[in-house]
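1. mind looking at a prediction? Sequence and model below.
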Amino acid sequence: MGEEKKKLFSAVQPSGAVTIGNYIGAIRNFVRLQDEHDCIYAVADLHAITVKQEPAALRRNTLELMALFIACGIDPEKCVLFVQSHVPAHCELTWVLNTIAYPGELSRMTQFKDKSARHADNVNMGLMDYPVLMASDILLYQAALVPVGADQKQHLELTRDLAIRFNNRYSDTFTVPEPFIPKGSGAKIMSLADPTKKMSKSDENPNGFITLSDDKDTIIRKCKRAVTDSGNEVRAAEDKPGVSNLIAIYGAFTGKSAEETEREFAGKGYGDFKVAVGEAIADVLVPMQEEKARILKDKQFLNDVMKKGAEAASRIARRTLSKVYRKVGFYQGE
Ligand code: AQP
């Protein structure tokens with residue numbers, strides 16, 4: 001008998017155009033992991049509304065992200081691919097987990113503090129509860145592995161704490177998941193405009209990020225404008241965060257190690273290097289964009305993928321939820 005495949009869950013918010021940070025830290029690993037694991041991937045629209053979204057843009061971004069997943073190589077025949085709000089069990093489990101989550105631990109989360117500062121006019125309960133919804137996403141599917149960027153490590157730790165807390169209080173119910181974070185610098189791609197800050201799709205400064213929809217000229221222009229330092233040596237070092245970030249991006253798109261890149265650009269200035277980084281990114285993104293445009297034209301296909309995905313996800317999620325309801329003592333008929 002063959003070994004059972006490990007279950008894996010991850011999601012991306014349709015909160016704007018997906019960046020190369022999301023791609024390097026998460027999405028390309030979704031593709032790499034799909035043959036060896038039972039994969040469930042979601043477009044996290046419930047998470048997205050924790051910051052203000054324009055409704056028409058949210059609808060469009062949801063469809064675009066679904067098409068992008070497929071264009072990047074996620075195969076809906078191999079994986080369960082769905083939209084989070086199409087599976088009500090996510091909200092239902094969140095309510096139960098809220099009763100074992102403490103406001104103190106939620107208000108200490110780095111992302112909550114960052115986003116509260118960035119969206120001071122809209123510090124809402126959903127923003128604080130984001131990690132509990134994320135825990136529900138993962139625990140509903142009994143996922144053993146969660147591929148995420150390094151920025152989500154703290155939320156994953158909270159998910160583990162909530163799973164253990166629930167299991168201890170009500171007996172063994174949830175698989176306690178492990179994060180799958182890319183090794184090295186790809187785990188956290190930094191902003192091109194401020195390399196001490198994470199690259200984020202909701203950054204107000206569009207020069208800070210490259211989206212997977214940017215055309216070749218835009219990509220090269222943004223790379224040329226990337227903040228570096230007053231030196232001219234292409235070398236990864238702690239005191240050269242801008243250049244180190246570009247070396248990490250170049251490595252992610254070409255497969256070259258930092259040492260190989262340093263050798264390739266020895267004696268050349270930042271100008272040549274930045275153009276090469278832009279070209280390497282465009283070489284991967286342009287064919288992906290063409291594929292995404294083709295998929296987006298076929299709304300029927302996308303609707304079918306989402307419907308089939310939501311049905312498959314609901315079947316698994318319902319099993320966990322009824323177990324949870326039984327454990328906490330909800331009357332479900334005799
Ligand atoms: N800069 C990054 N480097 C590596 N990985 C990253 N991820 C995000 N930014 C980077 C990973 O991408 C996945 C999807 O992220 P998300 O959309 O669910 O939320 P996020 O982490 O909050 O991403 P953004 O781009 O910063 O979105 P906004 O601006 O809307 O908050 C996750 O696995 C994340 O780790």
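-> Alright, I've got the coordinates.

2. name the element A11 belongs to?
-> Taking DSSP states H and E as the criterion, A11 maps to strand 6-12.

3. make that A293, sorry
-> Per DSSP H and E: helix 270-297 holds A293.

4. run the chain-centre distance for the following helix or strand past that helix.
-> Following helix 270-297 in sequence order, the next helix or strand is helix 299-328 (DSSP H and E). Put simply, helix 299-328 sits 20 Å off its chain's centre (CA atoms, centre = their mean, to the nearest Å).

5. roughly how far does the residue nearest to S107 when sequence neighbours are not counted sit from H119?
-> Excluding the flanking residues, the one nearest S107 by CB to CB, 6 or more residues apart in numbering is M128, at 6.4 Å. Backbone N, C-alpha and C define where each C-beta goes, glycine included. Counting by CB to CB, to the nearest Å, the separation of M128 from H119 is 12 Å.

6. of these two, who's got more company?
-> For M128 versus H119, the count of surrounding residues by other CB atoms under 10 Å is larger for M128: 18 against 15.

7. I figured that one was touching P103, is that so?
-> Yes - shown here, M128 and P103 form a contact pair, counting by CB atoms under 8 Å, at 7.4 Å.

8. related to what we said a few turns ago, just the CA trace of the strand holding A11, in PDB.
-> Extracted in PDB, the C-alpha atoms of strand 6-12 (Å, rounded to 0.1, in the frame of the first residue of the first chain):
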ATOM      1  CA  LYS A   6       0.200  14.800   3.400                       C
ATOM      2  CA  LYS A   7      -2.600  17.400   3.300                       C
ATOM      3  CA  LEU A   8      -1.600  20.900   2.500                       C
ATOM      4  CA  PHE A   9      -3.600  24.200   2.700                       C
ATOM      5  CA  SER A  10      -2.700  27.700   1.700                       C
ATOM      6  CA  ALA A  11      -4.500  30.900   0.500                       C
ATOM      7  CA  VAL A  12      -3.800  34.300  -1.000                       C
END
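
9. toward the C-terminus, what is the element adjacent to that strand?
-> helix 20-22.

10. follow-up on the earlier one: okay, the residue nearest to S107: pLDDT?
-> At M128, the model reports a pLDDT of 97.

11. the ligand versus that one, what's the distance?
-> Separation of M128 from the ligand (CB to the nearest ligand atom, to the nearest Å): 15 Å.

12. if we go by neighbour counts, what in the host helix or strand of that residue is buried?
-> Per DSSP H and E, M128 falls inside helix 125-140. The neighbour-count check on helix 125-140 (16 or more other CB atoms under 10 Å) flags 127-140 as buried.

13. just the angle for it relative to strand 6-12, thanks.
-> Orientation check (axes from the mean of the first three to the mean of the last three CA atoms, to 10 degrees): helix 125-140 against strand 6-12 gives 160 degrees.

14. packing partners for helix 125-140?
-> The contact analysis (3 or more CB pairs under 8 Å, 6 or more residues apart in numbering; DSSP states H and E) places helix 125-140 against strand 6-12, helix 45-48, helix 89-98, helix 103-107, helix 110-118, helix 153-170, helix 299-328.

15. in contact with the residue nearest to S107, which residues?
-> By CB atoms under 8 Å, 6 or more residues apart in numbering, the contact list for M128 reads P103, L106, S107, F112.

16. out of those, who's the most crowded?
-> F112 leads the contacts of M128 on contacts (other CB under 10 Å) with 20 neighbours.

17. touching, that residue and L106? I think so.
-> Yes - look at F112 against L106 with CB under 8 Å: they come within range, at 6.5 Å.

18. quick one: common contacting residues for those two?
-> Joint contacts of F112 and L106 (CB under 8 Å, 6+ apart) are M128, P131.

19. which positions in this structure make contact with the ligand?
-> Contact residues, the chain versus the ligand (CB under 6 Å from any ligand atom): 12-13, 15-16, 19, 21-22, 24-26, 44, 148-149, 151-152, 187-189, 198-202.

20. give the buried subset of those as a ChimeraX selection command.
-> Filtering these down to the buried ones (16+ other CB under 10 Å) takes a single ChimeraX command:
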select :12,13,15,16,19,21,22,24,25,26,44,148,149,151,152,187,188,189,198,199,200,201,202
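
21. would you pull up the residue in the stretch 1-150 of the chain closest to the ligand?
-> At 1.9 Å from the ligand, G25 is the closest residue in the stretch 1-150 of the chain, using CB to the nearest ligand atom.

22. can you give me the pLDDT of that residue?
-> On the pLDDT scale, G25 gets 91.
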